[in-house]
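**Q** Got a predicted structure here, sequence first:
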Protein chains: 2
Amino acid sequence: MHLAPAAHRPGHDPLLLARAGLSRLVEPTDLTAMVLLAALGPVAALEIAAGARPLRAAEHPVFLRAAAEAGCAPRQVDLRRALARWAPRAEELDPAEDLAVAAGAGAWFAVPEDPDWPAALADLGLFQPVGLWGRGDRRLLSFPAARAVAVVGSRDCSTYGRHVALDLSGALAARGWTVVSGGARGIDAAAHEAALATGTGRPATVSVMACGIDRLYPPGNHGLLRAVENAGLLLSEAAPGCTPSRYRFLQRNRIIAALSAGTVVVEARWRSGAQNTARHADGLSRPVGAVPGSVHADTSAGCHRLVREGTAVLVTDVEEVLELVGPLGTAVAEPTGHASVVDGLPERDRVLLDALPLTVRSRPEHLSRVAGLSVREVLGGLRRLEERGVAEGTGEGWRRRR
Amino acid sequence: MHLAPAAHRPGHDPLLLARAGLSRLVEPTDLTAMVLLAALGPVAALEIAAGARPLRAAEHPVFLRAAAEAGCAPRQVDLRRALARWAPRAEELDPAEDLAVAAGAGAWFAVPEDPDWPAALADLGLFQPVGLWGRGDRRLLSFPAARAVAVVGSRDCSTYGRHVALDLSGALAARGWTVVSGGARGIDAAAHEAALATGTGRPATVSVMACGIDRLYPPGNHGLLRAVENAGLLLSEAAPGCTPSRYRFLQRNRIIAALSAGTVVVEARWRSGAQNTARHADGLSRPVGAVPGSVHADTSAGCHRLVREGTAVLVTDVEEVLELVGPLGTAVAEPTGHASVVDGLPERDRVLLDALPLTVRSRPEHLSRVAGLSVREVLGGLRRLEERGVAEGTGEGWRRRR
């Protein structure tokens, strides 16, 4: 454990070192660690969590009060059990080395105390990341979540899902929205790709990863993730070198949800990480959209489930996504291309139009019997239909005009 | 106008004749006619509507009271205008002849006063049909709407929609439900077909048509509609010989909705008759389901619209349809095939499973670092995972078992 020497190494902010250490030592959203951090701050929290010193008598009530404020029962934040959990990693802890490894990979480490820390992450409360390792232009870090949409979905997506992800993400990015996703194969990759291709936002796209920032995982997305780094941001709460585990993927999803105004699930199986992201967004009171698909496609079963359970709103195009995530009144989806020549006509005129023959001509008296309207109503209606260009009359009678 | 002589022809019930006459004279849901019928009964209503006699002074307040009870403003039930509307058809009115034509086509005429009149139609209130012309075994007419589902959709459906309609309708019919539809091409035809093939209900299927009962429309469904007649019921509120008009199609849809416990829209365009049926069902407080599909398919746009507007619940299979329409507690959709080996395990065991390698073996001390768990938690977790058959250990360490 190289905690103490590193903390005093010149050029290293003790707060940065402490948070880097916590990022290595504890799993994301480890409840006891988060309460410890909330109660005593990063430096003391790391000293205690790493076993460098015990919780002092004076700190005990502060810790318990923080637990109570977080709504935790004392047995949920059992420090003795937690220390047993942290001890194996504490032995190898060396946050200064982690910061050096990150810097070697062109990465930086941001903490909640930084002025450019994304304000939206505060919505995660106790479960705000202890810090974020990042690659890309650090000046982009403070991008507003209010102008970002998470576009997520299955790794093993269908061709249909990939096309929808490309369409939606491309359209969002072209309108200046930041597309946030998880950098995985499938839907995530399509979302990043399209945002990079059409994006005008700053950043066009952000990838929140589950592994260490020095890794570009999965290997098949190496080129894509490099492109995201160049034009946008790669972020991770996991310490350098960490492997992506299922648990970290699931916890990572809360960051994707928190960094955006809303989440769109393009494709998801019945059980899936994308659904988990949707639930995180829902839990943060961020709106969730889900794209429908074939009832025969397992790849859409999770989307349908989200809609049926009321977690997600069904969305079919970018206008509906913007209606979902945009500030009230800025972008109400208007159905397009669905106007009809009979819009605004009284119902009896529609009945009359319906009774008009297409080829032969029909006299008003006959039309009145067929349509069940008085002759007077027929004559008035024919005039209105003629004005709309859908009926034409001669001395021989009237017919519909195509 | 052959009203008076016919009404007194022996063997003809005056009430039946009056309702047959109204069925010919007025369009479905003609508000003034329905108020007249509610106020004065069928015989007087027809005499007045057909112009055989005026509204008597004593009848006037009864008519106005019925209008007020129906929530109508006096100008909505302007009898003078209505008489002008009905007059062209009154000239040719001959209900006895209509009954004879119907009988010649093997059809019967049922009225609300009959003991076998479908009780569910009373939910239509003022807009209950004045009568129903029918073909098929009349003893089936009193089938319970509580055991019927309307399966409706576009005429120009996709292959996908047709398959879903066949699947849903077949599964419903096989469980003894009556499938109600509109006898049209496309989704309706598929619904009837599948119900005829697998149906065990009495009747297996009911087709509510928009044209006269002596016609089998559209011609392409001639064979199918004959089969419906043989095994189930053909119904129409339109008098014999009537052509199907857009207005009648739309009004007909309220009968489809009323005769079933709920309506499922399999495919529908943005504007469509199937959507109209859904709105009728919704207006009758009958649940509506809509089947999702590709966002690129115009044939699903109306279904997605219904779900987005909150009129319909998204449904993907027969279990979800039964959950929607069935009495509470009889058929709750249970997700099938989605069980997982980790169900019921504590979260830390899932984290541990996730950390277990697939090929090489890993020791508990190493696992505790990777998973961020204490060695004690790892050992307990490995035991539980072994019991579930997903982990296996030897002296060399542990690995995941496929």
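**A** Received, thanks.

**Q** mind showing which ranges of chain A have poor pLDDT?
**A** A:1-11, A:328-339 (pLDDT under 70).

**Q** Domain boundaries for it, per the record?
**A** With domains defined by automatic domain parsing, chain A comprises A:3-101, A:121-325, A:347-400.

**Q** Quote the end-to-end distance of the last one.
**A** Taking Cα to Cα, to the nearest Å, the span from the opening residue of domain A:347-400 to its closing residue is 17 Å.

**Q** picking up where we left off before, quickly compare the domains of chain A and say which is most buried.
**A** Each of the domains of chain A was scored by mean neighbour count; the highest is domain A:121-325, a mean of 23, by mean count of other Cβ atoms under 10 Å in any protein chain shown. Glycine gets a C-beta too; all of them are placed from N, C-alpha and C.

**Q** anything in it near chain B?
**A** Yes - on the criterion Cβ under 8 Å from any Cβ of the partner chain, domain A:121-325 is in touch with chain B at A:160, A:163-164, A:243, A:245-247, A:270-271, A:291-296, A:300-301, A:304-305, A:307-308, A:313-314, A:316-317, A:320.

**Q** what's the answer for stretch A:29-37, then?
**A** Yes - using Cβ under 8 Å from any Cβ, we find that stretch A:29-37 touches chain B at A:D30.

**Q** who touches the helix or strand harbouring A:M34?
**A** Per DSSP states H and E: A:M34 is located in helix A:31-49. Contacts to helix A:31-49, defined as Cβ atoms under 8 Å, 6 or more residues apart in numbering or on different chains, come from residues A:3, A:7, A:14-15, A:18-19, A:21-22, A:25-26, A:52-55, A:59, A:62-63, A:65-67, A:69-70, A:72, A:76-79, A:81-83, A:86, A:90, A:111, A:126-127, A:130.

**Q** now the strands for the stretch 151-300 of chain A?
**A** All strands of the stretch 151-300 of chain A, identified by DSSP state E, counting those that start in this stretch, fall at A:178-181, A:205-209, A:233-236, A:262-265, A:288-290.

**Q** circling back to that earlier point, would you put the C-alpha positions of the helix holding A:M34 in PDB?
**A** C-alpha atoms of helix A:31-49 as PDB (Å, rounded to 0.1, in the frame of the first residue of the first chain):
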ATOM      1  CA  LEU A  31     -22.700   1.800   0.000                       C
ATOM      2  CA  THR A  32     -20.400   1.800   3.000                       C
ATOM      3  CA  ALA A  33     -17.700   3.600   1.100                       C
ATOM      4  CA  MET A  34     -20.100   6.200  -0.300                       C
ATOM      5  CA  VAL A  35     -21.400   6.900   3.200                       C
ATOM      6  CA  LEU A  36     -17.800   7.100   4.500                       C
ATOM      7  CA  LEU A  37     -16.900   9.500   1.700                       C
ATOM      8  CA  ALA A  38     -20.000  11.700   2.300                       C
ATOM      9  CA  ALA A  39     -19.300  11.800   6.100                       C
ATOM     10  CA  LEU A  40     -15.600  12.400   6.200                       C
ATOM     11  CA  GLY A  41     -14.500  13.500   2.800                       C
ATOM     12  CA  PRO A  42     -12.100  11.800   0.300                       C
ATOM     13  CA  VAL A  43      -8.800  11.900   2.200                       C
ATOM     14  CA  ALA A  44     -10.100  10.500   5.500                       C
ATOM     15  CA  ALA A  45     -12.400   8.100   3.700                       C
ATOM     16  CA  LEU A  46      -9.500   6.600   1.800                       C
ATOM     17  CA  GLU A  47      -7.300   6.300   4.900                       C
ATOM     18  CA  ILE A  48     -10.000   4.400   6.700                       C
ATOM     19  CA  ALA A  49     -11.100   2.300   3.700                       C
END
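
**Q** And the next helix or strand past it?
**A** Heading C-terminal from helix A:31-49 (DSSP H and E), you reach helix A:59-69.

**Q** Can you name every helix or strand that that following helix contacts?
**A** helix A:31-49 (3 or more Cβ pairs under 8 Å, 6 or more residues apart in numbering or on different chains; DSSP states H and E).

**Q** Name the nearest residue to the residue in the stretch 1-150 of chain A that chain B sits nearest to, ignoring sequence neighbours.
**A** The minimum distance from the stretch 1-150 of chain A to chain B, using Cβ to the nearest Cβ, falls at A:A84 (3.5 Å). Nearest in space to A:A84, with sequence neighbours left out and distances taken as Cβ to Cβ, 6 or more residues apart in numbering or on different chains, is B:S374 at 3.5 Å.

**Q** so who does that neighbour touch?
**A** Contact analysis of B:S374 by Cβ under 8 Å, 6+ apart lists A:R81, A:A84, A:R85, A:A87, A:P88, B:S368.

**Q** Among those, which are located in helices?
**A** Within those, residues falling in helices by DSSP state H are A:R81, A:A84, A:R85, A:A87, A:P88, B:S368.

**Q** can you put the residues you listed in CSV and add distance to A:V101?
**A** Converted to CSV, the ones in helices among the contacts of B:S374 look like this (distance: Cβ to Cβ, whole Å):
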residue, distance to A:V101
A:R81, 30
A:A84, 27
A:R85, 24
A:A87, 23
A:P88, 20
B:S368, 23
